[in-house]
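Trainee: turn this into a structure:
(one chain, ligands or ions: 1)
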Amino acid sequence: MNTFDVAIVGLGPTGATLANFCGALGLRTVVFERSTTAYPQPRACHLDAEIARVFQQLGFESQLHDLLTVSAGMEYVAADGARLFTFEGFEREPLLGWHEDYVFIQPELDTMLRDGLARFPCVDVRLGIEADPVADLLEQARFVVACDGASSAIRTQLGIDMRDLGFDERWFVVDVLVNDDAHPLPPIIQQVCDRQRLATFVPSHGRHRRWEFRLADDEHVPDEWRLLEPWGVLPNDAELLRAVVYRFHALEAVRWRVGEATAETRRPIRHLFLFIGASPNTDWLSGSAIALDAKGFVLTGDAAGGDRLSLETSRRGIFAIGDVRAGSVKRVAAAVGEGAQVVAALHGFLTDRRQTLGEVTDVPSLHIPA
Ligand SMILES: Cc1cc2nc3c(=O)[nH]c(=O)nc-3n(C[C@H](O)[C@H](O)[C@H](O)COP(=O)(O)OP(=O)(O)OC[C@H]3O[C@@H](n4cnc5c(N)ncnc54)[C@H](O)[C@@H]3O)c2cc1C
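Mentor: Residues are numbered from 1 along each chain as shown. Down below sits the predicted model:
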């Protein structure tokens, strides 16, 4: 018999969120994480209302008020800083009880999620421990969930590949903590459309400010302070946290196998929904009586019918989440949020069927200790 229901590999934001949900559901869970503390450098610095809701559901509301700053939105500017346009459709009113966009410092949020696990005796967190191979993990738990980040060793072990489409860009990420008396910086996220040097600026939480600068393929890594000088930021004005070059890649296709099966499924990237120029791949729903909007995105909730549950389509019991859904914000964090949110709707649906049809379905309940 397995000692655990779930084995989670990796305690970044993905694994830590999952572990908190498993704990709240009372699942016997083991988490393997090779580091002993949350990754100390700021990486992600933006999240939205739906993620805030997920964290709220996990009992973190009071901490969030200290860890999040409402974002003023985003604008596209020319090389001289003049506004070209603002981000279309940016919703500034609070949504779902939270504002549409927040900035934050990832190590602080990661620490919040890790610390939250102490509430759950059923979650066994093993820090500083490299996970065993997948086959061994499956001896210990009924389910294994790989949350081991972009360079996942589990993906390699399972032979799941990623193919580089050839899109390959170098960006120089510079993070600083600005001094209180430093030259004022824009209060809004800026995408700088300078053909000499594309750049992104993020006024993050507290004193944290982030720049990302596009580098030419053969360009030597520039001096970060020289890049910050036009923004009025000099070495005496800020503490440098990080100046690192990252590469962006694009995916062509994904392939997978189910369990021990030898047969592989391969799907080209068009099965994913891209934010810019998105074209929904919903032809296969024709004849299913699932209502779509004029562009082919799936209607849900009120838009799908008067008495539909949140995220439920025009057909009872069928739900749609993420980019395929009409009206979703088409961003990864929001899509992940819908993945968590739909659980509540499924719960309601199953409970209703149990009450009205007498179906015997075990509906586990979330339990978040105070
Ligand atoms: C510069 C930068 C800017 C970014 N900005 C944004 C942003 O604004 N918004 C956004 O949404 N995202 C952003 N991201 C991406 C975001 O940081 C990642 O998507 C997120 O951290 C992924 O979380 P994860 O839990 O999947 O992986 P990770 O955070 O990488 O965590 C994986 C964990 O698994 C552990 N691990 C790996 N292998 C093993 C093993 N064999 N055994 C035990 N433990 C293991 C690692 O130690 C690590 O703690 C940014 C990333 C970078 C680098």
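
Trainee: check the offset of the strand or helix carrying Val31 from the chain's centre.
Mentor: Assigned by DSSP states H and E, Val31 falls within strand 29-33. Strand 29-33 has its C-alpha centroid displaced from the chain centroid by 20 Å (C-alpha atoms, centre = their mean, to the nearest Å).

Trainee: for the next helix or strand after it, which strands pair with it and how are they oriented?
Mentor: Going down the chain from strand 29-33, the next helix or strand is strand 46-48, by DSSP H and E. According to DSSP bridges, strand 46-48 forms sheet pairs with strand 101-103 (antiparallel).

Trainee: ok, and what's touching the strand it pairs with?
Mentor: Residues outside strand 101-103 that contact it (C-beta atoms under 8 Å, 6 or more residues apart in numbering) are 45-49, 52, 68-71, 73, 90, 202-205, 208. Any C-beta I mention is one placed from the backbone N, CA and C, and that applies to glycine too.

Trainee: how about the strand holding Val31: buried residues?
Mentor: In terms of neighbour count (16 or more other C-beta atoms under 10 Å), strand 29-33 has its buried residues at Thr29, Val30, Val31, Phe32, Glu33.

Trainee: how about residues contacting that strand?
Mentor: If you take C-beta under 8 Å, 6+ apart as the criterion, strand 29-33 is touched by 3-11, 15, 19, 22-23, 117, 120, 122-132, 140-141.

Trainee: my guess is Arg210 contacts Phe172. True?
Mentor: No - the pair Arg210 and Phe172 fails to qualify as a contact (C-beta atoms under 8 Å) at a distance of 11.4 Å.

Trainee: rewinding a little: out of the contacts of strand 29-33, which are inside helices?
Mentor: If you go by DSSP state H, these have Gly15, Ala19, Cys22, Gly23, Gln140 in helices.

Trainee: tell me how many other residues crowd the residue of the stretch 101-250 of the chain found nearest the ligand.
Mentor: The ligand sits closest to Gly149 of the stretch 101-250 of the chain, with a gap of 2.8 Å, by C-beta to the nearest ligand atom. When neighbours are counted by other C-beta atoms under 10 Å, Gly149 registers 15.

Trainee: repeat for Arg34
Mentor: Burial of Arg34 is recorded as 15 neighbouring residues (other C-beta under 10 Å).

Trainee: now it: closest residue in space, sequence neighbours ignored.
Mentor: Glu130 (5.0 Å; C-beta to C-beta, 6 or more residues apart in numbering).

Trainee: domain-wise, how is this structure divided?
Mentor: 1-38+107-158, 163-250, 273-352 (automatic domain parsing).

Trainee: mind putting these in JSON lines, distance to Gly97 and mean pLDDT included?
Mentor: Output for the domains of the chain, formatted as JSON lines (distance: least, C-beta to C-beta, whole Å; pLDDT from 0 to 100):
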{"stretch": "domain 1-38+107-158", "distance to Gly97": "19", "mean pLDDT": "94"}
{"stretch": "domain 163-250", "distance to Gly97": "20", "mean pLDDT": "91"}
{"stretch": "domain 273-352", "distance to Gly97": "13", "mean pLDDT": "80"}
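
Trainee: tell me which of those lies nearest to His367.
Mentor: His367 lies closest to domain 1-38+107-158 among the domains of the chain, at 5.5 Å (C-beta to C-beta).

Trainee: for Gln41, what are its contacts?
Mentor: Residues in contact with Gln41 (C-beta under 8 Å, 6+ apart) are Pro107, Asp175, Leu241, Arg242.

Trainee: switch the cut-off to 10 Å
Mentor: Gln41 makes contact with Ile105, Gln106, Pro107, Val173, Asp175, Leu241, Arg242, Val244, according to C-beta atoms under 10 Å, 6 or more residues apart in numbering.

Trainee: now, which of the contacts of strand 29-33 lie within strands?
Mentor: Among the contacts of strand 29-33, DSSP state E puts Phe4, Asp5, Val6, Ala7, Ile8, Val9, Val123, Asp124, Val125, Arg126, Leu127, Ala141 in strands.

Trainee: of those, which pair is most distant in space?
Mentor: Asp5 and Leu127 (20.3 Å).

Trainee: just the buried residues of stretch 2-9, please?
Mentor: For stretch 2-9, the neighbour count (16+ other C-beta under 10 Å) marks Phe4, Asp5, Val6, Ala7, Ile8, Val9 as buried.

Trainee: next: stretch 102-114.
Mentor: Within stretch 102-114, the residues that qualify as buried are Tyr102, Val103, Phe104, Ile105, Gln106, Glu108, Leu109, Asp110, Thr111, Met112, Leu113, Arg114, counting by 16+ other C-beta under 10 Å.

Trainee: quick check: the farthest pair among those?
Mentor: Comparing all pairs in these by C-beta to C-beta, the longest separation belongs to Val103 and Arg114, at 20.7 Å.

Trainee: packing partners of the biggest helix by length in the chain?
Mentor: Longest helix in the chain, counting residues (DSSP H): helix 332-357. Applying 3 or more C-beta pairs under 10 Å, 6 or more residues apart in numbering; DSSP states H and E, one finds that helix 332-357 contacts helix 13-24, strand 46-48, helix 49-57.

Trainee: pick the most deeply packed of those.
Mentor: Ranked by average neighbour count under the criterion mean count of other C-beta atoms under 10 Å, these are headed by helix 13-24 at a mean of 23.

Trainee: thanks a lot, catch you later.
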